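Asks: got a predicted model here, sequence first, then my questions.
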Amino acid sequence: SGEIKRQLRRLQFRDDLFAESGELDQYRDGFTISQIDATTDTVEFTNGLVLRAGEANGDVSESDIRRIQIRETISAHLEREQALFARGIKVLSLFFIDEVVKYRDYDQGDTKGEYARIFEQEYELLKAEYLSELAIDNEAYRKYLASIDSTETHNGYFSIDKKTGRDIDGSIKQEKDAETGRKVGVSQDVDAYDLILKKKERLLSFEEPTRFIFSHSALREGWDNPNVFVMCMLKHSDNTISRRQEVGRGLRLSVDQHGDRMDHPAVVHDINVLNVVASESYKDFVAGLQKEIAETLSSRPRQATEEYFTGKT
């Protein structure tokens with residue numbers, strides 16, 4: 001028909017993409033899998049091309065990139081969840097989106113937007129894959145994962161139009177940043193934060209099926225949920241301040257089902273790990289942010305001594 005339809009395929013060593021794709025020209029020259037390396041998460045083809053997990057090559061649309069991001073987020077979530085479930089820690093993932101309609105589209109009969117549809121498709125595929133590979137003796141987590149429906153495990157928190165009761169894009173107000181003096185866009189989504197804050201204890205319970213949260217724009221400083229382990233940036237942002245606010249939403253010490261903070265020195269760094277799934281530009285920013293934080297922290301003393309505080313206000 002002249003259009004390319006993306007398909008997800010499970011391939012193995014020596015499979016030829018040219019044959020698998022119904023002889024598409026794009027895969028004519030040397031696209032036979034010559035090596036799959038699980039330790040480096042790479043696939044190599046006979047023509048020398050090496051692809052890493054999460055990377056795309058060739059004719060890739062914006063929609064394809066977003067699909068890859070959503071898939072990587074679900075994958076990272078399931079890995080963390082499997083590792084922390086036995087400790088009684090509920091894992092949450094947070095998606096930042098730039099338009100509510102991409103998640104909740106009221107022109108559609110089921111009100112599902114593009115991202116909600118992609119999420120459910122990818123979640124079902126990855127859920128089936130994880131269940132097939134789970135150890136037989138991991139019965140508790142297997143039962144938990146199998147019991148949650150893909151349509152019930154994601155939810156959106158946005159401003160609500162008081163007349164129609166529908167979710168809308170929250171307003172963004174230009175405010176001056178205290179540190180830099182520059183004007184930055186700050187979300188005014190008060191209703192959305194209230195909704196998350198009021199349901200915080202419920203969200204952290206295994207009884208609540210919601211594990212993936214979709215939110216519009218940069219969250220305000222007041223929003224806080226300690227169990228966000230994965231963040232996905234399905235939005236374009238070149239604003240350093242808003243990025244710091246966004247990353248800050250996930251920089252919290254997690255709590256278990258009893259509300260106890262996971263801050264024991266022996267495990268604090270193993271448990272409290274934040275995954276950020278983003279586009280290349282955001283990746284560069286995160287690398288710079290980590291370098292900046294490391295440089296700032298290196299000058300601090302390891303221990304709060306009397307000498308350190310002497311003469312300081």
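Replies: Here it is on my side, so go on. Numbers count the residues shown, from 1 in each chain.

Asks: so residue 233, which of the three states?
Replies: Per DSSP: H, G, I helix; E, B strand; the rest coil, the secondary structure class of residue 233 is strand.

Asks: do you know how far it is from residue 275?
Replies: Counting by C-beta to C-beta, to the nearest Å, the gap from residue 233 to residue 275 is 12 Å. Placement of C-beta: from N, CA and C, glycine included.

Asks: cool, residue 267 as well?
Replies: From residue 267 over to residue 275 the distance is 18 Å, taken as C-beta to C-beta.

Asks: that older thread, who has more neighbours, residue 233 and residue 275?
Replies: Higher neighbour count among residue 233 and residue 275: residue 233, with 25 against 18, using other C-beta atoms under 10 Å.

Asks: which regions of the protein sit below the pLDDT cut-off?
Replies: Across the chain, the ranges flagged by pLDDT under 70 are 1-4, 159-162, 165, 167-197, 217-224, 236-245, 280, 301.

Asks: longest helix of it?
Replies: Identified as the longest helix of the chain according to DSSP state H is helix 62-84.

Asks: list the helices and strands it packs on?
Replies: Other helices and strands packing on helix 62-84, by 3 or more C-beta pairs under 8 Å, 6 or more residues apart in numbering; DSSP states H and E, are strand 92-97, helix 114-133, helix 139-147, strand 212-216, strand 228-234, strand 275-277.

Asks: quick one: contacts of the last one?
Replies: Contacts to strand 275-277, defined as C-beta atoms under 8 Å, 6 or more residues apart in numbering, come from residues 54, 69, 72-73, 76, 80, 229-233, 247, 250, 282, 286.

Asks: ok, of those residues, which come out buried?
Replies: For the contacts of strand 275-277, a burial check counting by 16 or more other C-beta atoms under 10 Å picks out 69, 72-73, 76, 80, 229-233, 247, 250, 282.

Asks: check those residues and tell me the two furthest apart.
Replies: Distance extremes for the buried ones among the contacts of strand 275-277: the farthest pair is 80 and 282 at 19.8 Å, using C-beta to C-beta.

Asks: and the strands in the stretch 151-300 of the chain, which stretches?
Replies: For the stretch 151-300 of the chain, the strands defined by DSSP state E, counting those that start in this stretch cover 154-157, 159-160, 167-168, 172-176, 183-187, 212-216, 228-234, 275-277.

Asks: mind listing what the nearest residue to residue 31 once chain neighbours are set aside touches?
Replies: Leaving out its chain neighbours, the residue that sits closest to residue 31 by C-beta to C-beta, 6 or more residues apart in numbering is residue 17, at 3.9 Å. When contacts are counted by C-beta under 8 Å, 6+ apart, residue 17 touches 11, 24, 27, 31, 32, 33, 45.

Asks: against residue 230, how distant is residue 117?
Replies: Using C-beta to C-beta, residue 117 is found at 20 Å from residue 230.

Asks: and residue 146, by the same measure?
Replies: Distance from residue 146 to residue 230, by C-beta to C-beta: 21 Å.

Asks: please apply the same query to residue 72.
Replies: For residue 72, the distance to residue 230 - C-beta to C-beta - is 9 Å.

Asks: try residue 152
Replies: Distance of residue 152 to residue 230, given as C-beta to C-beta: 19 Å.
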